[in-house]
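Asker: here is my input, please return the structure:
(one chain, ligands or ions: 2)
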Amino acid sequence: MSKPVVAIIGRPNVGKSTLFNAIAGEPISIVKDTPGVTRDRIYADCTWLDMNFTLIDTGGIEPESSDVILSQMREQAEIAIETADVIVFITDVRQGLVDSDSKVCDMLRKSRKPVVLAVNKVDSIAKFGNDVYEFYNLGIGDPVAISAASRLGIGDLLDAVAVHFKSKGNESEEDDDRPRIAIVGKPNVGKSSIINRLTGQNRVIVSDIAGTTRDAIDTVVVNNRQEYVFIDTAGLRRKSKVKEDIERYSIIRTVTAVERADVVILVIDAREGVTEQDAKIAGIAHDRGKGIIVAVNKWDLIEKNNKTVYEYTNDIKRVLSFMPYAEFIFISALSGQRLQKLFELIDIVRENQTLRIQTGVLNEIISEATVMQQPPSDKGKRLKIFYATQVAVKPPTFVIFVNIKQLMHFSYQRYLENKIREAFGFKGTSIRFIIRERKEENK
Ligand SMILES: Nc1nc2c(ncn2[C@@H]2O[C@H](COP(=O)(O)OP(=O)(O)OP(=O)(O)O)[C@@H](O)[C@H]2O)c(=O)[nH]1
Ligand SMILES: Nc1nc2c(ncn2[C@@H]2O[C@H](COP(=O)(O)OP(=O)(O)OP(=O)(O)O)[C@@H](O)[C@H]2O)c(=O)[nH]1
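Answerer: Ligands and ions are numbered 1, 2, ... in the order given. Predicted coordinates for the structure are as follows:
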């Protein structure tokens, strides 16, 4: 299910980072399993009451002249409008209303994206409460008074944000059962070329998902009478001169595209091989439990012998070792080689993402596995597995009931995962486990 995306924007020093941390929770847990992305808080997976959403930080602004600030704020706002479902516009009660705030609000209003106005640094209502009214002048609705630093009003703010989740424009997306595929990868690997080639060969129809700006970049391709929605992240490079800004933007674009996708195609340039940056991008899809196909593009430029595919696959698997389940395909957007096969692979991965295993069969596999390799023990206590059942798809998720949770070591869980994969495949998709304790008497 696609999670809503919330973006925080505002002038320098109003408290964006402080608010981000207050919502996301203090320990930097964002991407702990994802290589490379820990340096900076760009996005975080958050929960409020029973709702999950992705929070993005469109980036800091260097306070220089007010002209520069305004243009950077516009840039931020554009990114937020392009990628977010709800925008939190944050202001500072102590700085008061500033001209650039009004200008950015004009942009936001025109975009018709839901905006929630936060007035920060209201550490004391008695002292600053009255100053909040001034912000009604921005014409983007009721200001919510908060103090990010002392975590006051954050609940009210998130309530106001969550109102827009339900009326979110892509409810139709939830009912839409066409496969949604995000094509991601570093600049210049051939993402646009792949989309162009696919659409050139097949009839294209305009996306009929109504509403938001993001949908303008969806491309519908028909293959064998099946419609596929491609979510493109190509060609949307920002003009910024700052390398960090470009990188931040491309990560935001990738996260928000991946969020909406069922299957992610990670495109790699065959000449360059796989890099840390590719691993970073792959990690975003992995963390979100999406189906994954690694497409090695520009295959026409490679001199090959009968070991080349094998060697490439091994090299990539080594770097992407956290996702051994990924499917591989070697393509050329230039010649069209194997692009037809890409559709077959998408179908397979998607089926695996939604595969449901009967409880009886699942438990047979698990008891066979425990006979073949005894569960681990510690201090005289041995792990007992009572029962397992699949509770979700996309990604397939299994609950395993055990006697003592701590005894389920990562390596044994991986062993069970391998056994499940041997039996049922699940190629191209991650699978998840939830380990639950149950009293032995209940068995
Ligand atoms: N009094 C008070 N100070 C706050 C509050 N929230 C943030 N601050 C302070 O305001 C300053 C700026 O906060 P940041 O979160 O770094 O602001 P930012 O908007 O991310 O700033 P840039 O990265 O420059 O765009 C810091 O000194 C914070 O401690 C608040 O609720 N009350
Ligand atoms: N030889 C060869 N060249 C390719 C292939 N696919 C793409 N190219 C070339 O690689 C360059 C980059 O391709 P794009 O499709 O623009 O790459 P992109 O990933 O969309 O790039 P961004 O928009 O920067 O993210 C172009 O010059 C393409 O012609 C291929 O399969 N073989």
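
Asker: who are the contact partners of residue 125?
Answerer: The contact partners of residue 125, by CB atoms under 8 Å, 6 or more residues apart in numbering, come to residue 145. Placement of C-beta: from N, CA and C, glycine included.

Asker: pLDDT value on it, please?
Answerer: Reported pLDDT at residue 125 in the predicted model: 84.

Asker: same thing with the one 4 residues further on?
Answerer: What the model reports as pLDDT for residue 129 is 83.

Asker: for it, helix, strand, or coil?
Answerer: Following DSSP: H, G, I helix; E, B strand; the rest coil, residue 129 is assigned to helix.

Asker: likewise for residue 293?
Answerer: strand.

Asker: burial of it, as a residue count?
Answerer: For residue 293, the neighbour count with other CB atoms under 10 Å is 23.

Asker: quick check: the gap between it and residue 154.
Answerer: Residue 293 sits 39 Å away from residue 154, going by CB to CB, to the nearest Å.

Asker: so the closest residue to ligand 1 within the stretch 251-400 of the chain is in which element?
Answerer: Here the stretch 251-400 of the chain gets closest to ligand 1 at one residue, residue 252, 15.9 Å apart by CB to the nearest ligand atom. Using DSSP states H and E, residue 252 sits in helix 243-260.

Asker: quick one, the helix or strand just after that helix and helix 243-260 angle?
Answerer: Counting by DSSP H and E, the next helix or strand C-terminal to helix 243-260 is strand 263-269. On the basis of axes from the mean of the first three to the mean of the last three CA atoms, to 10 degrees, strand 263-269 is oriented at 140 degrees to helix 243-260.

Asker: and the contacts of strand 263-269?
Answerer: Against strand 263-269 from outside (CB under 8 Å, 6+ apart): 179-186, 188-191, 194, 258, 274, 278, 281-282, 285, 290-298, 316, 326, 342, 346, 349-350, 353, 428.

Asker: again, 7 Å this time
Answerer: Contact with strand 263-269 is made by 179, 181-185, 189-191, 194, 258, 274, 278, 281-282, 285, 290-298, 316, 346, 349-350, as judged by CB atoms under 7 Å, 6 or more residues apart in numbering.

Asker: among the residues you listed, which lie within strands?
Answerer: Judged by DSSP state E, those include 181-184, 291-297 as members of strands.

Asker: out of those residues, who's near ligand 2?
Answerer: residue 297 (CB under 6 Å from any ligand atom).

Asker: can you pick the most crowded of the ones in strands among the contacts of strand 263-269?
Answerer: For these, neighbours tallied by other CB under 10 Å; top is residue 291, 31 neighbours.

Asker: ok, what's across the strand from that one?
Answerer: Going by DSSP bridges, residue 291 is paired in beta bridges with residue 263, residue 429.

Asker: mind listing what it touches?
Answerer: 262-264, 349-350, 352-353, 428-429.

Asker: re earlier: quick check: pLDDT value at the residue of the stretch 251-400 of the chain closest to ligand 1.
Answerer: 84.

Asker: and it, how far from residue 11?
Answerer: 19 Å.

Asker: check residue 156 too.
Answerer: Residue 156 is 22 Å from residue 11, by CB to CB.

Asker: enumerate the residues of this structure near ligand 1.
Answerer: 10, 12-18, 60-61, 120-121, 123, 147-149.

Asker: are any of those residues buried, and which?
Answerer: 10, 14-16, 18, 60-61, 120-121, 123, 147-148 (16 or more other CB atoms under 10 Å).

Asker: now secondary structure and distance to ligand 2 too, for those residues, in CSV please.
Answerer: Formatted as CSV, those follow (DSSP: H, G, I helix; E, B strand; the rest coil; distance: CB to the nearest ligand atom, whole Å):
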residue, secondary structure, distance to ligand 2
10, strand, 29
14, coil, 32
15, coil, 33
16, helix, 27
18, helix, 33
60, coil, 24
61, coil, 25
120, strand, 36
121, coil, 39
123, coil, 44
147, strand, 41
148, coil, 35
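
Asker: list just the nearest of the residues you listed to residue 305.
Answerer: The closest of those to residue 305 turns out to be residue 60 (CB to CB; 49.7 Å).

Asker: what is the nearest of the ones in strands among the contacts of strand 263-269 to residue 332?
Answerer: residue 297 (6.8 Å).

Asker: partner residues bridging that closest one?
Answerer: If you apply DSSP bridges, the partners that residue 297 bridges to are residue 269.
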